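When you get a sec, could you give me coordinates for this:
(one chain, ligands or ions: 1)
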Amino acid sequence: MSEKDFIANHPATIENGNFQWSAPSNIALVKYWGKKANQIPANPSISFTLNNCKTITKLAFAKKTETGNFSFDLLFEGKPKEDFKPKIQKFLERIEVYCPYLKQYHLTIDTENTFPHSSGIASSASGMAALSMNIMSLEKALNPEMSEEYFYQKASFLARLGSGSACRSVKGSVVVWGNHAEIEGSSDLFGVALPTKIHDNFSNYQDTILLVDKGEKQVSSTVGHDLMHNHPFAEQRFAQAHENLSAIKTVLETGNLEDFIKIVESEALTLHTMMMTSMPYFILMKPNTLEIINRIWKFRNETNIPICFTLDAGANVHVLYPENVRATVLQFIKDELLGYCQNGQYICDVIGTGSIQL
Ligand code: PMV
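Next up, the predicted model:
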């Protein structure tokens with residue numbers, strides 16, 4: 001598939017209607033950090049799709065007479081939210097060439113998250129994925145012949161143009177984004193479900209998200225990605241991501257949790273190393289992030305329970321572990337880790353299946 005395969009030219013034959021989709025967040029195991037023009041990733045990445053942290057978006061559309069501009073209202077939890085509008089406007093402009101029919105409609109986008117607002121959990125992945133699913137429902141209504149494969153590929157393609165990692169939130173449960181020699185069908189343009197059987201060790205794999213710092217990030221991921229241009233270690237890092245993706249693919253098939261932990265924790269620390277070694281340099285981890293990491297390592301050494309951490313572009317810690325140790329790990333989290341969370345806040349999530357039409 002190439003970009004031009006995603007250009008639609010269907011007449012806007014429907015007067016009005018509405019759709020509603022939910023889409024989850026995702027957590028990368030091999031990280032995407034660095035991009036080329038048009039949201040093309042500098043290296044391939046792989047993530048677990050989550051289940052509980054999600055965005056629910058309703059899209060209502062009604063034919064209008066003036067078709068020169070985008071026209072939309074944006075509601076967050078039922079109330080107008082002007083400060084979200086520029087991001088949506090920019091997204092619509094980016095996808096205009098692929099979805100020209102959108103300008104024929106007035107859109108009402110009504111969105112809410114299942115996780116607390118400003119919890120430090122980014123809603124851009126789930127939000128852009130949920131909106132893209134709705135747009136594809138509209139496109140499918142205009143072009144009922146569309147195949148299911150194309151529907152999901154284009155939804156992921158559009159989500160990517162909203163926020164790179166959002167393209168991994170359309171499907172579950174393990175999604176690859178970016179060309180990789182050993183993963184058939186992998187693409188820089190959209191995410192694909194890992195086309196191999198995942199070992200039972202990873203069924204219902206748990207992700208407990210510890211909310212260490214809920215404040216605004218000092219450096220946005222857009223700026224962070226950009227700092228990978230002319231970064232002294234960029235080429236090695238991109239090559240390493242390809243190697244780690246090969247290795248984790250095997251691990252996901254064989255269920256080797258020891259190797260899983262090594263790759264996942266190394267990826268998290270490498271991501272933050274890239275931040276600390278860019279120019280200008282920056283640190284998104286907080287002292288409590290490091291306290292939590294050290295306590296996880298101590299607990300793992302003492303108990304042999306295969307628990308590990310990963311980080312995204314922030315201070316929060318994702319604690320990953322198999323379902324069969326859930327009770328023990330949750331007790332450990334409550335006893336030893338919640339003290340390092342802002343207001344003791346955490347979210348229990350689990351690997352999930354992707355977007356759902358409501
Ligand atoms: O999708 P963006 O542009 O917000 O970038 C997200 C990057 C990381 O979360 C740090 C890593 C990843 O692969 O999700």
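
now the closest residue to residue 228 other than its chain neighbours: how far from the ligand?
Residue nearest to residue 228 in three dimensions, not counting chain neighbours: residue 34, with 3.1 Å by Cβ to Cβ, 6 or more residues apart in numbering. In this view, the C-beta of every residue, glycine as well, is placed from N, C-alpha and C. Distance, residue 34 to the ligand, by Cβ to the nearest ligand atom, to the nearest Å: 10 Å.

Number of residues surrounding residue 34?
21 (other Cβ atoms under 10 Å).

just residue 343 next, same as before
Residue 343 has 7 nearby residues by other Cβ under 10 Å.

Phi, psi for it please.
Dihedral pair for residue 343: phi 50, psi 30, per degrees, to the nearest 10.

One more: residue 159?
Dihedral angles (degrees, to the nearest 10) for residue 159: phi -60, psi -40.

Tell me where the stretch 101-250 of the chain has helices.
Assigned by DSSP state H, counting those that start in this stretch, the helices in the stretch 101-250 of the chain fall at 124-142, 148-162, 221-226, 234-254.

Dump those helices to CSV, plus mean neighbour count and distance to residue 182.
Converted to CSV, those look like this (neighbours: other Cβ atoms under 10 Å; distance: least, Cβ to Cβ, whole Å):
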stretch, mean neighbour count, distance to residue 182
helix 124-142, 25, 25
helix 148-162, 23, 20
helix 221-226, 16, 25
helix 234-254, 17, 6
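
Low-confidence bits of the stretch 101-250 of the chain, can you list those?
117-120 (pLDDT under 70).

For it, list the residues in contact with the ligand, please.
124, 163-165, 221, 225 (Cβ under 6 Å from any ligand atom).

and the longest strand for this protein?
Ranked by number of residues, the top strand in the chain under DSSP state E is strand 45-63.

where does the residue in the chain sticking out farthest from the centre fall, phi/psi-wise?
Ranking residues of the chain by C-alpha distance from their mean position (Cα atoms, centre = their mean) puts residue 65 at the top, at 36.2 Å. With angles defined as degrees, to the nearest 10, residue 65 sits at phi -90, psi -40.

State the helix or strand in which the nearest residue to residue 355 once chain neighbours are set aside lies.
Nearest residue to residue 355, sequence neighbours excluded (Cβ to Cβ, 6+ apart): residue 23, at 4.1 Å. Using DSSP states H and E, the element containing residue 23 is strand 16-30.

I'd like the distance from that strand to the chain centre, please.
9 Å (Cα atoms, centre = their mean, to the nearest Å).

Pairing partners for the helix or strand following it, with directions?
Sequence order places strand 35-36 as the next helix or strand after strand 16-30, per DSSP H and E. According to DSSP bridges, strand 35-36 forms sheet pairs with strand 40-41 (antiparallel).

picking up where we left off before, give me the distance between the residue nearest to residue 228 and residue 237.
7 Å (Cβ to Cβ, to the nearest Å).

Overlap in contacts, the two.
43, 228, 231, 274 (Cβ atoms under 8 Å, 6 or more residues apart in numbering).

give me the number of residues near residue 317?
Neighbour tally, residue 317, other Cβ under 10 Å: 29.

ok, now the one 5 residues further on?
In terms of burial, residue 322 registers 20 neighbours under the definition other Cβ under 10 Å.

I'd assumed residue 257 was in contact with it.
Yes - the criterion here is Cβ atoms under 8 Å, and residue 322 meets it with residue 257 at 7.1 Å.

okay, and the common contacts of these two?
Shared contacts of residue 322 and residue 257, counting by Cβ under 8 Å, 6+ apart, come down to 201, 306.

Run through who's touching stretch 39-47.
In contact with stretch 39-47 (Cβ under 8 Å, 6+ apart) are residues 26-36, 160-161, 164-165, 168, 174-180, 183, 186, 188-189, 194, 228, 234, 237-238, 241-242, 245, 248-249.

now do stretch 1-20
38, 56-63, 97-101, 104-105, 133-134, 137-139, 141-143, 153-154, 157-158, 187, 189-190, 357-358.

at 7 Å what do you get?
With contact meaning Cβ atoms under 7 Å, 6 or more residues apart in numbering, stretch 1-20 is reached by 56, 58-63, 97-101, 104-105, 134, 137-139, 141-143, 153-154, 157, 187, 189, 358.
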